[in-house]
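A.B. asks: please work out how this folds:
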Amino acid sequence: MEATQVSIQSTPCCGPLPDLEIPMVNTMVACLGYEHRKLSGHVMRLALAATRLAADPDATETHQRAVEVWDEIRRDLWSHLQIEDELVFSWGEARRAIPSSLVESLKLERQEMHKLVATLPALLSGLDREPQAAADRGEFARMLLALARALDSHVERYDREVLPSILRAPFNR
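C.D. replies: Reported below is the predicted structural model:
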């Protein structure tokens, strides 16, 4: 058996690695797509629970279900947004894969989500008071509905605009 001589024409640090970059981009997009499908399921359940709570703020079981669904989303949301920050914003901005107008829209969307999420702990602590006021539960339901809309819009924008832009990026050099 004859050994074939392999010559390296460039080192990994001196230029792009298109053979590695394309699978990395595909994996990143597939991962975020999976995360968005999972988040969409949570968002639908959150919207349903919040709608039911808004319709009947006195229903204890309905309130408990809304809190449980919010807890499920809360556990996954920050890690999901961190993945997007690192993989989408960092990589996408470095490669100019995402138009600047879209990046600005995404940043505004992110600020809105942060603002909504920041109000929820205060509302939840208000709900721990005895007796629990229907008005407090109604406000909690409205904030959950606003968050569900923001998250749904987030997933839709990523799936429609951001992820396709990233998939095209390695080929647009």
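A.B. asks: can you name the element that comes right after the worst-scoring helix or strand of the chain on mean pLDDT?
C.D. replies: Least confident helix or strand, the chain: helix 91-94 with a mean of 80, by mean pLDDT, DSSP states H and E. Using DSSP states H and E, the next helix or strand after helix 91-94 towards the C-terminus is helix 100-127.
A.B. asks: and that following helix, which residues are buried?
C.D. replies: Neighbour counts over helix 100-127 (16 or more other Cβ atoms under 10 Å) mark 103, 106, 109-110, 112-113, 116-117, 120, 123 as buried. Where you see a C-beta, it was placed from the backbone N, CA and C, and this is true even at glycine.
A.B. asks: now those residues in CSV, with pLDDT and distance to His42?
C.D. replies: What follows is those, written out as CSV (pLDDT from 0 to 100; distance: Cβ to Cβ, whole Å):
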residue, pLDDT, distance to His42
Val103, 88, 25
Leu106, 90, 20
Glu109, 91, 17
Arg110, 89, 18
Glu112, 92, 18
Met113, 90, 14
Leu116, 89, 15
Val117, 88, 14
Leu120, 82, 15
Leu123, 67, 19
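A.B. asks: identify, from these, the entry nearest to Glu68.
C.D. replies: Within the buried residues of helix 100-127, proximity to Glu68 (Cβ to Cβ) peaks at Leu120, which comes in at 13.5 Å.
A.B. asks: and the pLDDT at the closest residue in space to that closest one that isn't next to it in sequence?
C.D. replies: Closest residue in space to Leu120, ignoring its immediate chain neighbours: Met143 at 6.0 Å, by Cβ to Cβ, 6 or more residues apart in numbering. Looking at Met143, its pLDDT is 92.
A.B. asks: what about Met143, how many neighbours?
C.D. replies: 19 (other Cβ atoms under 10 Å).
A.B. asks: that one touches Ala118, doesn't it?
C.D. replies: No - taking contacts as Cβ atoms under 8 Å, Met143 lies outside contact range of Ala118: 10.2 Å.
A.B. asks: how about stretch 33-46: buried residues?
C.D. replies: Residues 35-36, 39, 42-43, 45-46 are the ones in stretch 33-46 that count as buried (16+ other Cβ under 10 Å).
A.B. asks: any idea which of the residues you listed is closest to Ala135?
C.D. replies: The closest of these to Ala135 turns out to be Leu46 (Cβ to Cβ; 20.6 Å).
A.B. asks: what sits closest to Glu112 if chain neighbours are left out?
C.D. replies: Closest to Glu112 by Cβ to Cβ, 6+ apart is Ala150, at 5.5 Å.
A.B. asks: done for today, thanks.
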